[in-house]
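Participant: Sequence first, predicted model second:
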Amino acid sequence: QVQLVESGGGLVQAGGSLRLSCAASGRSFSRSAMGWFRQAPGKEREFVASVGWSGGNIYYADFVKGRFTISRDNAKNTVYLQMNSLKHEDTAVYYCAVGSSRYNLDSWGQGTQVTVSS
């Protein structure tokens with residue numbers, strides 16, 4: 001059974017940085033795509049970023065380009081999201097996901113809260 005555990009969320013001032021981590025277990029993820037989504041109160045879950053199994057094929061939502069960086073460590077079955085220049089509108093629960101491709105990220109973690117104070 002796949003388990004994804006996010007960490008690294010918290011409260012930060014606008015302009016600050018956070019680094020999210022997601023540790024995956026249950027099987028090898030070295031051939032899986034991994035990604036991050038977020039959901040703000042009253043809004044639908046939205047795509048943030050994804051990375052292919054080799055660390056390439058990286059995609060970002062337009063609203064995070066130039067501010068967020070996704071990376072992965074296959075030896076640790078972990079995906080990261082470095083978030084810089086945070087804005088109040090980045091406040092959300094952030095979820096990591098894995099799947100066979102970035103179009104099929106279908107296993108989810110429980111989420112970690114990111115709150116950016118303005």
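Facilitator: Structure's in. What do you need?
Participant: tell me the contacts of the nearest residue to residue 58 once chain neighbours are set aside?
Facilitator: Once flanking residues are discounted, residue 58 sits nearest to residue 51: 5.1 Å by CB to CB, 6 or more residues apart in numbering. No exception for glycine: its C-beta is placed from N, CA and C like everyone else's. Applying CB atoms under 8 Å, 6 or more residues apart in numbering, we find residue 51 in contact with 33, 34, 35, 57, 58, 70, 71, 72, 79.
Participant: downstream neighbour of the lowest-mean-pLDDT helix or strand in the chain in the secondary structure list?
Facilitator: Least confident element among the helices and strands of the chain, by mean pLDDT, DSSP states H and E: strand 105-108 (a mean of 92). Using DSSP states H and E, the helix or strand that follows strand 105-108 in sequence is strand 112-117.
Participant: so who does the closest residue to residue 25 other than its chain neighbours touch?
Facilitator: The spatial neighbour of residue 25 that comes closest, neighbours along the chain excluded (CB to CB, 6+ apart), is residue 3 at 4.8 Å. Residue 3 makes contact with 24, 25, 26, according to CB under 8 Å, 6+ apart.
Participant: For residue 55, see how far away residue 3 is.
Facilitator: 22 Å (CB to CB, to the nearest Å).
Participant: Strands of this protein, residue ranges please.
Facilitator: 3-7, 10-13, 18-25, 33-39, 46-51, 59-60, 68-73, 78-83, 92-99, 105-108, 112-117 (DSSP state E).
Participant: Pull the distance from the first one to the chain's centre.
Facilitator: What that stands for is strand 3-7. 10 Å (CA atoms, centre = their mean, to the nearest Å).
Participant: buried residues in that strand?
Facilitator: Within strand 3-7, the residues scored as buried using 16 or more other CB atoms under 10 Å are 4, 6.
Participant: just to revisit the earlier point, least confident of the strands of the chain, on average?
Facilitator: Among the strands of the chain, strand 105-108 has the lowest mean pLDDT, at a mean of 92.
Participant: my read: residue 38 touches residue 96, true?
Facilitator: No. Contact criterion CB atoms under 8 Å: residue 38 and residue 96 do not qualify, at 10.4 Å.
Participant: and the two? which has more neighbours close in?
Facilitator: residue 96 (30 against 22; other CB atoms under 10 Å).
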